[in-house]
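Peer 1: show me how the following folds:
(one chain, ligands or ions: 1)
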Amino acid sequence: MARTAILSALAQEQQGLLHDLRHARRVQHAGREFWLGELAGQPVVLALSRVGKVAAATTATALIERFAAQRLLFVGVAGALAPRLAVGDVVVADGFVQHDLDASPLFPRYELPLYGRSRIACDAPLSELLHRAAQAALAGLGSEGAAPALHRGLVASGDRFVSGFAEAGALRHALLDAGHDALAVEMEGAAVAQVCLDYGRPFVAVRTISDRADDQAHVDFTEFIEQVARRHAHDIVRAWLSQLP
Ligand code: ADE
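Peer 2: This next block holds a predicted model:
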């Protein structure tokens, strides 16, 4: 059976999954810990991307080259960029753009030089499964209050924790001017998407909104990861894995 890699940026987001991992085996590689085992009947490898695009690209490359990952899933948190998103909502990515990539005037702003594109799409069938898994997991949480909303769309990545109301607005509008309606911002997804494109591996991602990328972002972010995001990560990933072919 094909091995699936599950990446998160932070240990708290990985904890619940690690707890459930059967036949767990830890391997140290490239200064990182990789956990091999079985989750929901699927062979998996769990890893922390660490924070930022380069660290995430290193982790993704190791997952493919050394651990034979055949598909990659990123699960974590993101800041909201689109006004309709609220803290606690969940975004299933349909593609990624790097908001801090600018090789103009050689290439249009946001375009990946020599790739002829700005966006990298997620794998459509696996994203559809992920969307359904998130729906099911969030419906399960609904009994404890209003269920969080589920969104699907573009996510922007960059090497910056966005923590200012004006900064988040400027980022959103610059992206919109170039035709990119980014729902959320984080720091790793586009890098993993690019590695997966290079290696021909399907990639999907789901992010829970931890903050509004505004002046309060750092406080909301820390509390949120502990209280909500790890539970979402656990429930959504398990539901997704159990539907995989
Ligand atoms: N991940 C979660 N919140 C974020 C933010 N505000 N900026 C960048 N990455 C994030």
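Peer 1: list the contacts for the residue in the chain that the ligand sits nearest to?
Peer 2: The nearest approach of the chain to the ligand comes at Gly79, 2.7 Å away (Cβ to the nearest ligand atom). Heads up, the C-betas are built off the backbone N, CA and C, glycines and all. When the contact criterion is Cβ atoms under 8 Å, 6 or more residues apart in numbering, the partners of Gly79 are 161-162, 168, 184-186, 209-213, 217, 221.
Peer 1: give me the element it is part of.
Peer 2: Assigned by DSSP states H and E, Gly79 belongs to strand 71-80.
Peer 1: show me the beta-bridge partners of the residue of the chain closest to the ligand.
Peer 2: Beta bridges link Gly79 to Val185, Asp211 when assigned by DSSP bridges.
Peer 1: how near is it to Pro148?
Peer 2: For Gly79, the distance to Pro148 equals 15 Å [Cβ to Cβ, to the nearest Å].
Peer 1: just the CA atoms of the lowest-mean-pLDDT helix or strand in the chain, as CSV, please.
Peer 2: Within the chain, confidence by mean pLDDT, DSSP states H and E is lowest for helix 217-224 among all helices and strands, at a mean of 73. What follows is the C-alpha trace of helix 217-224 in CSV, where atoms were taken according to Å, rounded to 0.1, in the frame of the first residue of the first chain:
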residue,chain,number,x,y,z
ALA,A,217,-2.6,37.3,15.7
HIS,A,218,0.3,36.1,17.9
VAL,A,219,-1.9,35.8,21.0
ASP,A,220,-4.8,34.1,19.2
PHE,A,221,-2.4,31.8,17.4
THR,A,222,-0.8,30.3,20.5
GLU,A,223,-4.0,29.8,22.4
PHE,A,224,-5.8,28.4,19.4
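Peer 1: residues in contact with that helix?
Peer 2: Where contact means Cβ under 8 Å, 6+ apart, the residues beyond helix 217-224 that reach it are Val77, Gly79, Val87, Gly88, Phe161, Val162, Ser163, Thr208, Ser210, Asp211, Arg212.
Peer 1: and of the residues you listed, the nearest to Arg26?
Peer 2: Sorting the contacts of helix 217-224 by how near they are to Arg26, with Cβ to Cβ, puts Val77 at the top with 24.5 Å.
Peer 1: for the longest helix along the chain, buried residues please.
Peer 2: In the chain, ranked by residue count with DSSP state H as the criterion, the top helix is helix 124-141. Going by neighbour count (16 or more other Cβ atoms under 10 Å), the buried part of helix 124-141 is Leu126, Ser127, Leu129, Leu130, His131, Ala133, Ala134, Gln135, Ala137, Leu138, Leu141.
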